[in-house]
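Visitor: Build me a structure from this.
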Amino acid sequence: MKKLLALAMVGAFAAVTLPAFAAETAQQQRMKDCNAKAGDKKGDERKAFMSTCLSGKDAAPAANAQQDRMKACNAKAADKKGDERKAFMSACLSGKDAPSAKMTQQEKMKACNAKAGDRKGDERKAFMSECLKG
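Guide: The predicted structure follows:
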C-alpha cells in the first residue's frame, strides 16, 4: 500500500511539473528570438541589442539593415585601399554597387594608382595603360 501511495504521489507530481518544463515561457521564447536576431554581435554591442530587444522596444531591425549593408560592402571592398576604397564604400552604402561609370580622368588615375600598388617600370606602365582605358 505504501508503494502504491508513493507511486501515485510521484505520478501526480510529474503530471503537474512536467508541462512546466516542457512548455517555453514567453520570456524564454523572446530570449531565443533576440539571440537569433543578435547574430554575431559581440561585447557591448550585443548587450545593448539584447537589452533593447528583451525590453520589447525592438528598434534594432532598422539598424540591422544598415549593418548588413556595411558588411556586404566591406566584403566587396576587401581588395581596395585608400581613396579608391572610400569612393567605393560611399557609393556602395548609398545603394549603388560601384562608383558611376563616368569617372573623371583624375578619379581614374587615383583608382588605378591604388590598384597598381608596388608595380614598377614597364609592368606599371602596361598596367596603368590598361587600367586607364577601362
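Visitor: Hmm, Lys110 is touching Lys81, no?
Guide: No - distance between Lys110 and Lys81: 11.2 Å, which falls outside the contact criterion (C-beta atoms under 8 Å). All C-beta spots, glycine's among them, are computed from the backbone N, C-alpha and C.
Visitor: of the two, who's got more company?
Guide: More neighbours surround Lys110 than the other of Lys110 and Lys81, with 16 against 12 (other C-beta atoms under 10 Å).
Visitor: Can you name the residues that contact that one?
Guide: Taking C-beta atoms under 8 Å, 6 or more residues apart in numbering, we find Lys110 in contact with 83-84.
Visitor: So which elements touch whichever strand or helix holds Met128?
Guide: Remark: Met128 resides in helix 121-133, with elements defined by DSSP states H and E. Here helix 121-133 touches helix 105-116, going by 3 or more C-beta pairs under 8 Å, 6 or more residues apart in numbering; DSSP states H and E.
Visitor: quick one: buried residues of the helix it packs on?
Guide: 110-112, 114 (16 or more other C-beta atoms under 10 Å).
Visitor: where does the chain have low pLDDT?
Guide: Residue ranges of the chain with pLDDT under 70: 1, 4-8, 10-24, 57-63, 96-102, 134.
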